[in-house]
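In: Dropping a prediction and its sequence here:
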Amino acid sequence: MGKIIQPSLTNLILSSEKVSNEINKLVPAYKKILSRKFIPVTEDFDLDLVPRNPGIYYFEANFRPFNYGDNFYDAFSLLWDETSVGINVSAINKKRVRDYICRIESDEWIPLYLGKRQDLRLRLEQHIFSPTNNSTYALRLVNRKLIDHIDFRVNFIPINLPDKHYFCMDRIETKLRKSMLPIVGKQ
């Protein structure tokens, strides 16, 4: 976290096959980096820890404090839906939630959301602190009061890419999402 990664993608004469091969090499390393050294998400989260660089960010959730009774899936779906009424929030992937039930009941951290952005700090600010009346799609963890029920943590990888190569971030994000299987967001 904090170290800016300069992928070798920027040094390529970009052909589709070369880009795909290079991204395939990077994804396991990015996944490993994203899976350690998390920052807890709290109401006083320090955005100064997050650079204004392009990069990938990754949220995890631990449902230990969430009182879900006998049926986690129904309770979580209800909490997510009730706090999402009238605002732009990504949907939960119900199949993935069901796939993680054993891990959730064992108090393990679960992949929640993965994304990319030109400005990591701005995007994390939106996901953590954005008001519910803002039209941007964001998790809004504080203002939806989700942090009152669930523990969250985040990690990120700043990635320096020239603007003309930013399209590579879409491919990296897609490959990471398929590998990490978060329960919220693009499917």
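Out: Cool, got the structure. What you see is a predicted model; the values in this text were computed from it and never measured.
In: Straight-line length of stretch 89-109, end to end?
Out: Taking Cα to Cα, to the nearest Å, stretch 89-109 runs 21 Å from one end to the other.
In: err, stretch 31-39, not the other one
Out: End-to-end distance for stretch 31-39, by Cα to Cα: 16 Å.
In: what's the answer for stretch 155-167, then?
Out: 22 Å.
In: And stretch 122-136, by the same measure?
Out: 12 Å.
In: what's the offset of it from the middle of its chain?
Out: 14 Å (Cα atoms, centre = their mean, to the nearest Å).
In: Tell me the buried residues in it?
Out: 123-124, 126-130 (16 or more other Cβ atoms under 10 Å). (C-beta placed from N, C-alpha, C; glycine too.)
In: Next: stretch 137-149.
Out: Result for stretch 137-149 [16+ other Cβ under 10 Å]: buried residues 138-144, 146-147, 149.
In: ok so, going back, just flag the most distant two among the buried residues of stretch 122-136.
Out: Among those, the pair separated by the greatest distance (Cβ to Cβ) is R123 and F129, at 11.3 Å.
In: Quick check: of the buried residues of stretch 122-136, which lies closest to P162?
Out: Nearest to P162 among the buried residues of stretch 122-136, with distances taken as Cβ to Cβ, is R123, at 19.4 Å.
In: Run through the bridge partners of the residue positioned nearest the centre of the chain.
Out: When Cα atoms, centre = their mean is applied to the chain, the residue found nearest the centroid is L114 (2.7 Å). Assessed by DSSP bridges, L114 has beta-bridge partners Y58.
In: right, and it touches E60 too?
Out: No: L114 lies out of contact with E60 (Cβ atoms under 8 Å); the separation is 9.8 Å.
In: R121: neighbour count?
Out: 19 (other Cβ atoms under 10 Å).
In: who touches the nearest residue to F63 once chain neighbours are set aside in this structure?
Out: Spatial nearest neighbour of F63, chain neighbours left out: I104 (5.2 Å); criterion: Cβ to Cβ, 6 or more residues apart in numbering. I104 sits next to 63, 72, 110 when contact means Cβ atoms under 8 Å, 6 or more residues apart in numbering.
In: From the residues you listed, which land in helices?
Out: Among these, the residues falling in helices (DSSP state H) are F72.
In: Any chance of CSV for the contacts of I104, columns distance to N134, pLDDT and neighbour count?
Out: What follows is these, written out as CSV (distance: Cβ to Cβ, whole Å; pLDDT from 0 to 100; neighbours: other Cβ atoms under 10 Å):
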residue, distance to N134, pLDDT, neighbour count
F63, 26, 93, 21
F72, 29, 89, 17
I110, 26, 95, 20
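In: Identify, from the contacts of I104, the entry nearest to N88.
Out: Checking the contacts of I104 one by one against N88 (Cβ to Cβ), the nearest turns out to be I110, at 22.6 Å.
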